[in-house]
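> Sequence first, predicted coordinates after that:
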Amino acid sequence: MEAIKPAGGLVPKLKKADRTRRALLDAALKVIGAKGFTGATVDEIVREAGVSKGVAYYHFKSKEDIAESILDAEFDEFDKRFRELAAGTSGPQEVLMGMLNVFASRLYERKELAQLLSTEIWRSGRAWSNDMRAAVQGLIDLIAEQLRLGQRNGTVRSELDPSFAAASLVGIVVVDAMYYLGAEGEPLLSREAFVQRIYDFAHHAVSLR
């Protein structure tokens, strides 16, 4: 099987209001990813976004609303891309690797998202914790389905528990993104090398050939 290329694509042109909203979400992801939900403040988010607090509250009701909107924006796109891959003509093994490519590429591009997932997903008492876990579970379920299809056609090892293997692959991408992107300075791997290593690991972990 040939190596896959990192996911990418054109960014659609946004209206001014949409650009402002996107800037706030990007800033919130950066601040919350670095400081955690409790440690982040709206003041820091608007300063990072370069807008006033009034503008922020025009678009979002609260910090919790901003966090929930980050999840919606990121995971709706993951879900869309995963389902597009699953609906194509490729076999389950190729679809699985495509899904991991999309996920790993995005976390490499947005280390803050990996930080958010690794530090916040299991915290209790968050208004959006259940939504975050449900969003991650949705990705796990889509990956697990490709593993089951692969087991049926004989390309994926039959002894694997698809749900456990899918959760493990998602966790590996998150943890490896945190490690190889490093706390500061240059990443330890290029995006292409990072995605390729995720691809190679997954291929050898689940494949019969």
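Right, received. Where do you want to start?

> which secondary element of this structure has the worst mean pLDDT?
Here the helix or strand of the chain ranked lowest by mean pLDDT, DSSP states H and E is helix 111-120, holding a mean of 80.

> Next SSE downstream of that helix?
helix 129-153 (DSSP states H and E).

> Most remote residue from the middle of this structure, which is it?
Gly54 (29.5 Å; CA atoms, centre = their mean).

> what angle sits between the host helix or strand of Met99 and helix 111-120?
Element membership of Met99 [criterion: DSSP H and E] is helix 92-109. Between helix 92-109 and helix 111-120, the angle formed by their directions is 100 degrees, by axes from the mean of the first three to the mean of the last three CA atoms, to 10 degrees.

> before we move on, back to that, packing partners of the helix or strand that contains the residue farthest from the centre of the chain?
Using DSSP H and E, Gly54 sits in helix 53-59. Packing partners of helix 53-59 (3 or more CB pairs under 8 Å, 6 or more residues apart in numbering; DSSP states H and E): helix 16-39, helix 42-49. Bear in mind the C-beta positions are built from the backbone N, C-alpha and C, glycine included.

> Could you list the buried residues of stretch 52-65?
By 16 or more other CB atoms under 10 Å, the buried positions in stretch 52-65 come out as Val55, Ala56, His59, Phe60, Lys63.

> List the contacts of the third one.
With contact set as CB atoms under 8 Å, 6 or more residues apart in numbering, His59 has these partners: Ala17, Thr20, Arg21, Leu24.

> for the residues you listed, which one is nearest Glu44?
Leu24 (11.8 Å; CB to CB).

> How about the contacts made by the closest one?
Contacts of Leu24 (CB under 8 Å, 6+ apart): Ile45, Val46, Ala49, Val51, Val55, Ala56, His59, Phe60, Ile66.

> TSV for these, including distance to Phe82?
Converted to TSV, those look like this (distance: CB to CB, whole Å):
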residue	distance to Phe82
Ile45	29
Val46	33
Ala49	29
Val51	32
Val55	33
Ala56	31
His59	27
Phe60	27
Ile66	25
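
> Flag whichever of those scores worst on pLDDT.
Lowest-confidence member of the contacts of Leu24: Ile66, scoring 86 (pLDDT).

> Using the three-state scheme, assign that residue.
helix (DSSP: H, G, I helix; E, B strand; the rest coil).

> Surely it touches Asp26?
No. With contact defined as CB atoms under 8 Å, Ile66 does not reach Asp26; the gap is 10.9 Å.
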